[in-house]
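**Q** Any chance you can model this:
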Amino acid sequence: QVQLVESGGGLVQAGGSLRLSCAVSGRSRYSMGWFRQAPGKEREFVAAISLSGGPTYYADSVKGRFTISRDNAKDTVYLQMNSLKPEDTAVYYCAARSAWAATTRADEYDYWGQGTQVTVSS
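**A** Below you'll find the model as predicted:
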């Protein structure tokens, strides 16, 4: 069974940065995605990366501020978040898909982490 463990969330002021990590158990044979869910809202796509590290995809709301990357030797995926805004406040989830190609659709991911809270204060 694949396990995904997120870390790196926390409280940061607007304009600050955080780097989220997602450790994947087992071999890195998955394309990966990051999603987020704010209170009272549905889960939304943030970023995705293919098995090989490219191409990558971003939601319009984070494009130019967030960067997704992966280190297959460490079985870890990262989400570097810069210029954070209060509207970025949410629980962030990483997800794994048993395919080479990444996708923006949550229902196409096979495994999910438990999530890590990101809170951006104004």
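
**Q** When you work out contacts or count neighbours from here on, use the C-alpha atoms and nothing else.
**A** Noted.

**Q** Give the bridge partners for Arg70, please.
**A** Val77 (DSSP bridges).

**Q** pLDDT score for it?
**A** For Arg70, the pLDDT comes out at 94.

**Q** Look at the residue sitting nearest the centre point of the chain and tell me its secondary structure.
**A** The centroid of the chain falls nearest to Trp34 when counting by CA atoms, centre = their mean (2.5 Å). Classification of Trp34 using DSSP: H, G, I helix; E, B strand; the rest coil returns strand.

**Q** With adjacent residues omitted, what lies nearest to it?
**A** Distances taken as CA to CA, 6 or more residues apart in numbering put Cys94 closest to Trp34, at 4.5 Å, once the chain neighbours are dropped.

**Q** Sticking with that neighbour, tell me its helix or strand.
**A** Per DSSP states H and E, Cys94 falls inside strand 90-97.

**Q** Need the residues that contact that strand.
**A** 4, 6, 22, 30-39, 108-119 (CA atoms under 8 Å, 6 or more residues apart in numbering).

**Q** Report the residue spans of this protein with pLDDT below the cut-off.
**A** For the chain, the stretches flagged by pLDDT under 70 are 27-28.

**Q** How far off centre is stretch 13-32?
**A** 5 Å (CA atoms, centre = their mean, to the nearest Å).

**Q** in it, what's buried?
**A** If you call a residue buried by 16 or more other CA atoms under 10 Å, then stretch 13-32 has these buried ones: 14, 17-24, 28-32.

**Q** try stretch 4-12
**A** Within stretch 4-12, the residues that count as buried by 16+ other CA under 10 Å are Leu4, Val5, Glu6, Ser7, Gly9, Val12.
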